[in-house]
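K.L.:
any chance you could fold what I've pasted below:
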Amino acid sequence: MEDRIPVPPPHPAHDVTEHVGYRLKRASAALRGAMDKALREHGLTVPQYSCLELLDAQPGLSNADLARGTFVTRQSANVVLRGLKEAGLITRPASADHGRVLPVHLTPAGQERLHAARTAVYALEKRMVEAVPERRLTALLTDLDAMTEALGG
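P.N.:
Below you'll find the predicted structure:
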């Protein structure tokens, strides 16, 4: 068996729990769990809520746009949209006027459900943000954006 050359860590860390990626994943998992719980009370999943938020900001998005915006595959976005349509929260034409794009829009019921769910989600984000000193929040957001860009995202 060959001796392996040690791989130097990207920054000083005693173990994996001190790595930035680990901490980001831990924070992401905590947020996802809290959102799952809060959104369950509104009959929504995190991807469904994300779609409603995107459609509120940009009515008429396509399945591909929503997939990119919610970080899921097009196939998964189709499943999400089917559930939202069956619940009466969105409208989506059966066929496209031109091309293959099927624009999606919120219904009044979708607007109402989004507003109720948004209240719960924003309360979670407020709790999360309040854990960071206000003077550091802008720097944190800038740093997160810089990390994302460094990875090509």
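K.L.:
ok, how many other residues are close to the spatially closest residue to N78 that is not a sequence neighbour?
P.N.:
Sequence neighbours aside, N63 is the residue nearest to N78 in space, at 6.0 Å (criterion: CB to CB, 6 or more residues apart in numbering). Where C-beta positions appear, they are placed from N, C-alpha and C, glycine not excepted. Other residues near N63 come to 20 when the count uses other CB atoms under 10 Å.
K.L.:
isn't N63 up against L102?
P.N.:
Yes: N63 lies in contact with L102 (CB atoms under 8 Å); the separation is 6.6 Å.
K.L.:
returning to what we had before: what residues are up against the residue nearest to N78?
P.N.:
Residues in contact with N63 (CB atoms under 8 Å, 6 or more residues apart in numbering) are R74, A77, N78, L81, L102, V104.
K.L.:
could you pull out the strands for this structure?
P.N.:
Here the chain has its strands, by DSSP state E, at 90-91, 105-106.
K.L.:
single out the most deeply packed of these.
P.N.:
strand 90-91 (a mean of 18; mean count of other CB atoms under 10 Å).
K.L.:
ok, residues contacting that strand?
P.N.:
With contact meaning CB under 8 Å, 6+ apart, strand 90-91 is reached by C51, L52, L55, L81, L84, K85, V104, H105, L106, T107, G110.
K.L.:
L89: neighbouring residues, count only.
P.N.:
Close neighbours of L89, defined as other CB under 10 Å, add up to 24.
K.L.:
distance of it relative to Q58?
P.N.:
16 Å (CB to CB, to the nearest Å).
K.L.:
what do you get for I90?
P.N.:
13 Å.
K.L.:
buried ones among the contacts of strand 90-91?
P.N.:
Buried members of those, counted by 16 or more other CB atoms under 10 Å: C51, L52, L55, L81, L84, V104, L106, G110.
K.L.:
okay, and which of those residues map to helices?
P.N.:
C51, L52, L55, L81, L84, G110 (DSSP state H).
K.L.:
now the last one, nearest residue through space, not along the chain?
P.N.:
Read that as G110. L89 (3.6 Å).
K.L.:
repeat that for the fifth one.
P.N.:
Distances taken as CB to CB, 6+ apart place I90 nearest to L84, at 4.5 Å, with adjacent residues excluded.
K.L.:
good, wrapping up.
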